[in-house]
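Enquirer: quick one: sequence plus predicted model below, questions after.
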Amino acid sequence: MKKSPPVPLITPDGKRCDGRAFDELRPIELEVGVLKNADGSAMIRQGKNIIVAAVYGPRELHPKHLALPDRAVLRCRYHMAPFSVYGERKSPAPTRREIELSKVIREALEPAIFLELFPRCAIDVYIEVLQADGGTRCASIVAASLALADAGIPLRDLVAAVAVGKVQGHIVLDINHLEDEYGEGDMPVAMMPTRGVITLFQADGVWTPDEIKYALELARKGIMKIYELQKEALRKKYEKVIEEVEVGV
Amino acid sequence: MPIYFKHRQLVLPGELLAEGNYVPSGAAYAEGNKIYASAVGLAELREKNIVHVISLSSVYTPRVGDVVVGKVIEIGLTGWYVDINAPYLAFLPVSEATTRFVDIAKENLANILNRGDVVVAKVLIADVTRENLVISIKEGGKLGRKREGTLIEIDPAKVPRVIGRKGTMINLIKSSLECDIIVGQNGWILIQGKSLEDELFVARLIKKIERESHVPGLTERIRKLIEEYLAQKKKE
């Protein structure tokens, strides 16, 4: 039996522990082109999450025996900074969880990229979690797909993602760390929003078929909202230049 | 056949651009009879049924006939490996470097071209799935090894704007500052001016063109800057 949460997860007036409604996202801030040295980069702040994604490539793949003759190889590294978690310092060495998340994120991004345009190459995505507060794999996908677009890599669509969860019997959108740890279920979903194609779908906990249907629909709505923010962030990078010129910098 | 964009509108990857009998071009792709954008860019309709997206930030993909600026990074047995800012290293064979006979068993290739040398080259073969990317510096003209000048890098997608319509932009800079500028299709630009000061000024101009490439009235702003610079120089 799990320990009881330090604060009530659902308040008597039907709000969540951080005051959100059941179908409300955390405040999200997105910024494109934050790193000068990478070919493309993006940062996301989602509630207390802070994640930076950097993209390099397409570039030559070393060691060469890993190269594929007909398409590029996508490589992802999801990494949590030692200071990213509450409580004890996280070891900077890659854990089993981080290796798995790297794979899951890679597979969520792969369908969106025209990898076949760059045979024998590698595209590298580095994701650094600076501060973690639940739902980091989904936030990482949101930032990484913006970084890919920023690098000019041809994409079928952006990829947006959000986690839904089950907390004391309620299906809630965009779960935070507390809800993840003390709730009954966690379901991260990533989609190519304009196509409605799901590229990541995981779930733990016990869900009934009806709950899954409802949760997926909730996730889709959340993803469409995040997708709008992604588009806005990409446009902003180019509009900034226009403003600078008009002011006469 | 509906179209979902205005002329030169900023479009984003995955955005639906048109439906019906259209042909995608540039950073656009087709899925069934729908045309989508595949990168951040400006969309326009060409010749009634071609949906073209000019990518604003892009990766250089070599094409046969492109003139590129490159840097020798490795000497092989029968030629040199040259970085041309593409996803792949380009190969420059001895036979494409010089017209005279070179006995590779006796001669040291480093005496012809060494690591770090800058070359202006033409792409001969760009079939990256089967062969090396092969380039040549033999044809003469502006091709060959370059010993002087300033090398700068811009986004390959901005190269057309630096050149301008029918070369207006580049000719404006070239003629008013009496310098030579070689714009590689790969986004590397070699500036050979009368003084280092001139070269650095041109480098700043080109960086400005890169930054403001999609803002109208660019040529006029550049012309004004050149006039200011020349007036300042005259005073001194």
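Expert: The structure has been received and is ready for your questions.
Enquirer: lowest mean pLDDT among the helices and strands of chain A, which one is it?
Expert: Using mean pLDDT, DSSP states H and E, the weakest-scoring helix or strand in chain A turns out to be helix A:209-247, at a mean of 87.
Enquirer: quick one: buried residues of that helix?
Expert: Using 16 or more other Cβ atoms under 10 Å in any protein chain shown as the test for burial, helix A:209-247 gives A:211-212, A:215-216, A:218-220, A:222-223, A:225-227, A:229-231, A:233-234, A:237-238, A:241, A:245. (Glycine included, C-beta is placed from N, CA and C.)
Enquirer: swap in stretch B:212-219?
Expert: In stretch B:212-219, counting by 16+ other Cβ under 10 Å, buried: B:Glu212, B:Ser213, B:His214, B:Leu218.
Enquirer: which one of those is nearest chain A?
Expert: B:Glu212 (5.2 Å; Cβ to the nearest Cβ).
Enquirer: for that closest one, grab phi and psi.
Expert: For B:Glu212, the backbone dihedrals (degrees, to the nearest 10) come out as phi -110, psi 30.
Enquirer: thought B:Ile222 was touching it, still the case?
Expert: No - using Cβ atoms under 8 Å, B:Glu212 is not in contact with B:Ile222, being 9.3 Å away.
Enquirer: still on that earlier bit, show me what the least confident helix or strand of chain A packs onto, helices and strands only.
Expert: When contacts are defined as 3 or more Cβ pairs under 8 Å, 6 or more residues apart in numbering or on different chains; DSSP states H and E, helix A:209-247 packs onto strand A:28-32, helix A:136-150, strand A:160-167, strand A:170-173, strand A:185-192.
Enquirer: what residues are bridge-paired with residue 29?
Expert: No chain in the question, so chain A it is. Taking DSSP bridges as the rule, A:Glu29 bridges to A:Arg45.
Enquirer: my bad, the chain I had in mind was chain B
Expert: If you apply DSSP bridges, the partners that B:Tyr29 bridges to are B:Tyr36.
Enquirer: where does pLDDT dip in the chain?
Expert: If you meant another chain, say so; for now it's chain A. Applying pLDDT under 70 to chain A picks out residues A:1-2, A:240-249.
Enquirer: wait, chain B
Expert: B:128-131.
Enquirer: residues from it in reach of chain A?
Expert: B:10, B:12-16, B:27, B:29, B:31, B:36, B:38-40, B:55-59, B:61, B:87-89, B:128-129, B:155, B:157, B:211-212, B:214-215, B:221 (Cβ under 8 Å from any Cβ of the partner chain).
Enquirer: against B:Phe201, how distant is B:Glu228?
Expert: Per Cβ to Cβ, to the nearest Å, B:Glu228 is found 10 Å from B:Phe201.
Enquirer: between those two, which one's more packed in?
Expert: The neighbour comparison of B:Glu228 against B:Phe201 (other Cβ atoms under 10 Å in any protein chain shown) goes to B:Phe201, with 22 against 10.
Enquirer: host element of the nearest residue in space to that one that is not next to it in sequence?
Expert: Nearest in space to B:Phe201, with sequence neighbours left out and distances taken as Cβ to Cβ, 6 or more residues apart in numbering or on different chains, is B:Tyr229 at 5.7 Å. Using DSSP states H and E, B:Tyr229 sits in helix B:218-235.
Enquirer: circling back to that earlier point, which of the helices and strands packed on helix A:209-247 sits most buried?
Expert: helix A:136-150 (a mean of 29; mean count of other Cβ atoms under 10 Å in any protein chain shown).
Enquirer: you'd agree A:Lys236 is up against A:Val32?
Expert: Yes - between A:Lys236 and A:Val32 there is a contact under Cβ under 8 Å: 7.2 Å.
Enquirer: how about the residues of chain A by chain B?
Expert: Counting by Cβ under 8 Å from any Cβ, the residues of chain A near chain B are A:40, A:57-60, A:69-70, A:114, A:117-121, A:149-158, A:192-195, A:231, A:234-235, A:238, A:241-242, A:245.
Enquirer: just the buried ones from those?
Expert: A:40, A:57-59, A:117-121, A:149-158, A:192-195, A:231, A:234, A:238, A:241, A:245.
Enquirer: contact partners for whichever residue of chain A sits closest to chain B?
Expert: Closest residue of chain A to chain B, Cβ to the nearest Cβ: A:Asp157 (3.1 Å). Counting by Cβ atoms under 8 Å, 6 or more residues apart in numbering or on different chains, A:Asp157 makes contact with A:Ala112, A:Met192, A:Pro193, A:Thr194, A:Arg195, A:Val197, B:Pro13, B:Gly14, B:Tyr36.
Enquirer: what about the residue lying closest to it once chain neighbours are set aside, which SS state?
Expert: In space, and not counting its chain neighbours, A:Asp157 is closest to B:Gly14: 3.1 Å by Cβ to Cβ, 6+ apart. Using DSSP: H, G, I helix; E, B strand; the rest coil, the structure places B:Gly14 in coil.
Enquirer: list the contacts for B:Gly14?
Expert: A:Leu155, A:Arg156, A:Asp157, A:Leu158, A:Met192, A:Pro193, A:Thr194, A:Arg195, B:Tyr36, B:Ala37.
Enquirer: which residues touch the last one?
Expert: So the one you mean is B:Ala37. B:Ala37 touches B:Val11, B:Leu12, B:Pro13, B:Gly14, B:Glu15, B:Leu17, B:Ala27, B:Ala28, B:Ala43, B:Val53, counting by Cβ under 8 Å, 6+ apart.
Enquirer: burial measure for the residue nearest to A:Glu98 when sequence neighbours are not counted, as a count.
Expert: Of all residues not flanking A:Glu98 in the chain, A:Tyr78 sits nearest, at 5.5 Å (Cβ to Cβ, 6+ apart). When neighbours are defined as other Cβ under 10 Å, A:Tyr78 has 27 of them.
Enquirer: after the helix or strand A:Tyr78 falls within, which helix or strand is next?
Expert: Per DSSP H and E, A:Tyr78 falls inside strand A:73-80. Following strand A:73-80 in sequence order, the next helix or strand is helix A:96-109 (DSSP H and E).
Enquirer: what sits against the nearest residue to A:Lys3 once chain neighbours are set aside?
Expert: Spatial nearest neighbour of A:Lys3, excluding adjacent residues (Cβ to Cβ, 6+ apart): A:Tyr182 at 7.6 Å. Neighbouring residues of A:Tyr182 by Cβ under 8 Å, 6+ apart: A:Lys2, A:Lys3, A:Ser4, A:Pro5, A:Leu9, A:Val167.
Enquirer: JSON lines for the residues you listed, including distance to B:Gly149 and secondary structure?
Expert: Listed next are the contacts of A:Tyr182 as JSON lines, based on distance: Cβ to Cβ, whole Å; DSSP: H, G, I helix; E, B strand; the rest coil:
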{"residue": "A:Lys2", "distance to B:Gly149": "68", "secondary structure": "coil"}
{"residue": "A:Lys3", "distance to B:Gly149": "69", "secondary structure": "coil"}
{"residue": "A:Ser4", "distance to B:Gly149": "71", "secondary structure": "coil"}
{"residue": "A:Pro5", "distance to B:Gly149": "66", "secondary structure": "coil"}
{"residue": "A:Leu9", "distance to B:Gly149": "66", "secondary structure": "coil"}
{"residue": "A:Val167", "distance to B:Gly149": "65", "secondary structure": "strand"}
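Enquirer: much appreciated, bye for now.
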